[in-house]
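Q: With the sequence up front, the predicted model follows.
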Amino acid sequence: MTMLNQQEQERFVRLWTEVQLAVDHYIHALVRDSAVARDLVQETALVLLRRFGEYDEGRPFLRWALGVAKFQVLAFHRDNARSFITFDTKLLDQFTEVWAEAAPASGIRSSALEVCLDRLPARPREMIRLRYFEELNSEQIAQRLRTKSAAVRVSLQRIREQLRACIERQWKTDGESL
Amino acid sequence: MSDLRELIAACLDDEMTSAEREELTTLLKAHPDNLRAFVDANLFEQHLRTAVAGQARREAAEEWAESGGVRIRQATDADGPGMKPWLPLRWPRLVAVGAAALLLIAAGISVWIAHPPVQDRELARITRIRSAQVSMPVDSLHAGQTLPPGRLTLVAGAMELVLSNGVEIVFEGPGELELLTPMRAILHAGQAVVRVPVNARGFLMETPGASLVDLGTEFGLKAGPGLNTDVQVYRGEVIATPKSANAAGSFGHRLLAGDAARFTPDQGAVPQSLAYSPDRFVRRLPADPPIEHEAGEARLFNPTYVGEIVVRTPRLPIVIDGDLSEWSEEGAFRGAREFSSEKGYSFEGRMRFDADFLYIAAHIGDPFPLRNIIDPATDGELAWRGGGLQVRVSTDRKAGWPVNANAPFYYKSRGLTPDAGQLAESTNERLAHLTLWRYAPSSQNCLHIAYGMDFHGPSVNPAGYRAAFRRDADGLGYTLEYAIPWSLLHAEDDPPRAGDILATSWTVHWSDASGRLWRGQLVELRNPAEPQRIHTWERAATWGKAVFQ
């Protein structure tokens, strides 16, 4: 590992900060296990730091970072990765490519997402919390909420659609007010 | 043929059949738009996950900041049989109970176990239990008892659990531990030591302030006040990642054996280095003989016999040396209790005052005297667990007696909403909670102070107090003597004077031989008009009367 001078370190931190969320999301989407994903994000960050000297400035940093993350996922946890995408190298490459294109724009509306989450009624809000914060599956959520797992799956899908619609509305409203 | 949208939804819910998986793969390869839709859905889901987590933590932090209170409520019939011990389904619950436990820290005691609705599986088994105690009638706890996923609220004492995959957790109260899966748990508040076998590498222990991924190791952690998380690694390594907003985009920190660090919201991603202290956490409960649930032993609400004491000016100048020969017998009060028929647990107390100081003296019968190893540098708010004395005192003449002030916990646990006046009373600067103990490793005579019924402004070993301890010649007790300047009680401009009737209460704590594990307490000096089942730390009206002469 080549030691980075202070200027390079600062540059690395700046670049990493910009892409960290997209890389984090990418890894989470592939391994679908928070504990493992966090581990891999750390590993990816360390590899990027060690190999920062090899980074081609002419190339988007996100693409480079996703490339490293992809190999971390493959090398470290291929057997355990839950996403079927990781089992098809060509599809994984395409997925990574599309992710690199779409991720930068996807975060723009995250503030609208928070507004929409606040507007959810209590039960859907709790269901979303159980799914995405406590990371329970539909069966576990059903047990908590005393309903059926099939109903949970349908509800989750509807809530996601409602949130997307809400974001669109919010986005338009914000746009009009600008 | 399934709809792409449905297949993506099933994928996001981790519930695809192999046939659906193949179908989705085919569709994604068939057209770039399909892949784009799939990536969009995944991106949206990840933003959702991040937003939900952020919101939960933010609300928890806000709740903490606002009240230091707790969302614990007692079960009601309306909850239905399966929901009894569970809290309302609200996001801030993440650390609300943690906040409660931390409120209890200045005094509290007891265990509350929350069983979730009936589950098919057993996630953990209690292997050892020590001085665990219930604060309200619930199922008894005992070694060998199995536990489903759910929350354990332990306000004092400790228990050792083993999860189904061999992960061992020594959980020490006050605090709340939530067992989610064999690979994930949340320490909402309190302390724990985690041992992870090789097969469970990657075990995730979270606190309100940090995520700790265990890489096959043993480490101790504390979820402390203000969303602080302390981590100390005994063996192997741990990746610790702060959760605070300030730490967004930060790296996790790799902590190796011998490392200790504190993560605080204020410091963002940069942890504060702590001195490695092997005795800080309980790594094993005393195993020989195993101590089962000691029914009634660690009782919280003992009968009290003294409702009033005289606090007078000293007849002779008081010398803080641990020798009480200059103290007269006036105003002395006493109490005693037994542990499993073991005798020798008693105390005798006195208080004096002059223009500059409040004086406190006690002789405490203790078969394991002056063994407290709770480090004031890191865990002062928990010092009572290792044995010592807690004195709650009002210097507010206007508040008089009884003092009308309650902790946020008092309101929340009863489903009450305090008005502005009641909230103001709870933050009264002239109500103080003092914890007095000797830190055995350095023979330091320590003082922890927190103010109001919200326990704000805590400080450890502030300048100005004087203290002395003296061990009994027969090794079965000790004497303590303190002089607390009125300035530390926010009363330097208007100290108590003869004729005042103020409020005070004492709680004596004993530990086991380790000087680390709380064994029990004795409360004395209570207002007899107040129901016994109200803690003195949650309601100042329970405090006894101090008549200044």
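A: Yep, that arrived.
Q: can you list the domains in chain A?
A: A:6-106, A:120-177 (automatic domain parsing).
Q: Now name the helix or strand holding the residue most central in space within chain A.
A: Chain A has A:His25 as the residue nearest its centroid, 1.5 Å off, counting by Cα atoms, centre = their mean. Here A:His25 sits within helix A:6-31, counting by DSSP states H and E.
Q: and if you look at A:Arg158?
A: A:Arg158 is located in helix A:149-177, with elements delineated by DSSP H and E.
Q: Show me which residues of stretch B:225-243 are buried.
A: By neighbour count on 16 or more other Cβ atoms under 10 Å in any protein chain shown, the buried set for stretch B:225-243 is B:225, B:227-234, B:236-243. (C-beta placed from N, C-alpha, C; glycine too.)
Q: In terms of residue numbering, what are the domains of chain B?
A: By the assignment in automatic domain parsing, chain B contains the domains B:4-67, B:77-273, B:308-548.
Q: Mean pLDDT and distance to A:Asp118 for those - can I get that in CSV?
A: Output for the domains of chain B, formatted as CSV (pLDDT from 0 to 100; distance: least, Cβ to Cβ, whole Å):
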stretch, mean pLDDT, distance to A:Asp118
domain B:4-67, 80, 8
domain B:77-273, 70, 11
domain B:308-548, 92, 22
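Q: ranking the ones you listed by burial, who's on top?
A: Burial of the domains of chain B is given as mean neighbour count (mean count of other Cβ atoms under 10 Å in any protein chain shown); domain B:77-273 ranks first at a mean of 21.
Q: can you redo the domains of chain B as JSON lines with distance to chain A?
A: Output for the domains of chain B, formatted as JSON lines (distance: least, Cβ to the nearest Cβ, whole Å):
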{"stretch": "domain B:4-67", "distance to chain A": "3"}
{"stretch": "domain B:77-273", "distance to chain A": "4"}
{"stretch": "domain B:308-548", "distance to chain A": "17"}
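Q: Please identify the buried residues of the helix holding A:Arg158?
A: A:149, A:152-153, A:155-157, A:159-160, A:163-164, A:166-167, A:170.
Q: Which residues are in contact with A:Leu74?
A: When contacts are counted by Cβ atoms under 8 Å, 6 or more residues apart in numbering or on different chains, A:Leu74 touches A:Thr86, A:Leu92.
Q: Assign a three-state SS to it, would you?
A: What DSSP: H, G, I helix; E, B strand; the rest coil gives for A:Leu74 is helix.
Q: and it, how far is that from chain B?
A: Counting by Cβ to the nearest Cβ, to the nearest Å, the gap from A:Leu74 to chain B is 17 Å.
Q: Tell me the spacing between that residue and A:Val36.
A: 13 Å (Cβ to Cβ, to the nearest Å).
Q: again with B:Gly544
A: Per Cβ to Cβ, B:Gly544 is found 56 Å from A:Val36.
Q: quick one on the thing from earlier: of all the buried residues of helix A:149-177, which comes closest to chain B?
A: Minimum distance to chain B across the buried residues of helix A:149-177 is 4.5 Å, recorded for A:Gln157 (Cβ to the nearest Cβ).
Q: How about the closest one: what's its closest non-neighbour residue?
A: Of all residues not flanking A:Gln157 in the chain, B:Ala9 sits nearest, at 4.5 Å (Cβ to Cβ, 6 or more residues apart in numbering or on different chains).
Q: Tell me which helix or strand the one you found sits in.
A: Assigned by DSSP H and E, B:Ala9 falls within helix B:4-12.
Q: quick check: angle from that helix to helix A:149-177?
A: 110 degrees (axes from the mean of the first three to the mean of the last three Cα atoms, to 10 degrees).
Q: Which is the succeeding secondary structure element to the helix or strand A:Ala100 falls within?
A: Following DSSP H and E, one finds A:Ala100 within helix A:89-106. Where DSSP H and E defines the elements, the next helix or strand beyond helix A:89-106 is helix A:110-119.
Q: and after that next one, which helix or strand comes next?
A: helix A:122-132.
Q: tell me what that following helix is packed against?
A: Applying 3 or more Cβ pairs under 8 Å, 6 or more residues apart in numbering or on different chains; DSSP states H and E, we find helix A:122-132 packed against helix A:138-145, helix A:149-177, helix B:32-67.
Q: Tell me which other helices or strands the second one touches.
A: Helices and strands touching helix A:149-177, by 3+ Cβ pairs under 8 Å, 6+ apart, are helix A:110-119, helix A:122-132, helix A:138-145, helix B:4-12, helix B:32-67.
Q: chain center to that helix, what's the gap?
A: Computed by Cα atoms, centre = their mean, to the nearest Å, the chain-centroid distance of helix A:149-177 equals 18 Å.
Q: What residues does A:Phe95 make contact with?
A: By Cβ under 8 Å, 6+ apart, the neighbours of A:Phe95 are A:Ile85, B:Leu28, B:Leu35, B:Phe38, B:Val39.
Q: Surely the second one touches B:Phe38?
A: Yes. The pair B:Leu28 and B:Phe38 qualifies as a contact (Cβ atoms under 8 Å) at a distance of 5.7 Å.
Q: Kindly reformat the helices and strands packed on helix A:149-177 as CSV containing distance to B:Ala424.
A: Output for the helices and strands packed on helix A:149-177, formatted as CSV (distance: least, Cβ to Cβ, whole Å):
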stretch, distance to B:Ala424
helix A:110-119, 30
helix A:122-132, 31
helix A:138-145, 38
helix B:4-12, 49
helix B:32-67, 13
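Q: So which of those is nearest B:Leu389?
A: Of all the helices and strands packed on helix A:149-177, helix B:32-67 sits nearest to B:Leu389, with 27.8 Å by Cβ to Cβ.
Q: nearest to B:Ala275, of the contacts of A:Phe95?
A: Closest approach between the contacts of A:Phe95 and B:Ala275, by Cβ to Cβ: A:Ile85, at 46.4 Å.
Q: Confirm that the closest one sits in a strand.
A: No. With the criterion set as three-state DSSP, the secondary structure at A:Ile85 is helix rather than a strand.
Q: hang on, the earlier thing: quick check: which of the buried residues of helix A:149-177 has the minimum pLDDT.
A: Looking at the buried residues of helix A:149-177 by pLDDT, the weakest one is A:Gln170, with 73.
Q: Surely that one and A:Val115 touch.
A: Yes. If you go by Cβ under 8 Å, A:Gln170 and A:Val115 touch, sitting 5.6 Å apart.
Q: All the strands of the stretch 251-400 of chain B, in order from the start?
A: Under the criterion DSSP state E, counting those that start in this stretch, the stretch 251-400 of chain B contains strands at B:253-256, B:260-263, B:272-273, B:308-311, B:333-339, B:342-353, B:357-365, B:388-394.
Q: re the thing from before, quick one: closest of the domains of chain B to A:Arg123.
A: Nearest of the domains of chain B to A:Arg123, taken as Cβ to Cβ: domain B:77-273 at 8.2 Å.
Q: sorry, back to before: now distance to B:Pro528 too, for the helices and strands packed on helix A:122-132, in TSV please.
A: Listed next are those as TSV, based on distance: least, Cβ to Cβ, whole Å:
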stretch	distance to B:Pro528
helix A:138-145	44
helix A:149-177	53
helix B:32-67	30
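Q: circling back to that earlier point, I figured the residue nearest to A:Gln157 hits A:Ser155, correct?
A: No. Counting by Cβ under 8 Å, B:Ala9 does not reach A:Ser155; the two are 11.2 Å apart.
Q: Right, I'll call it a day here.
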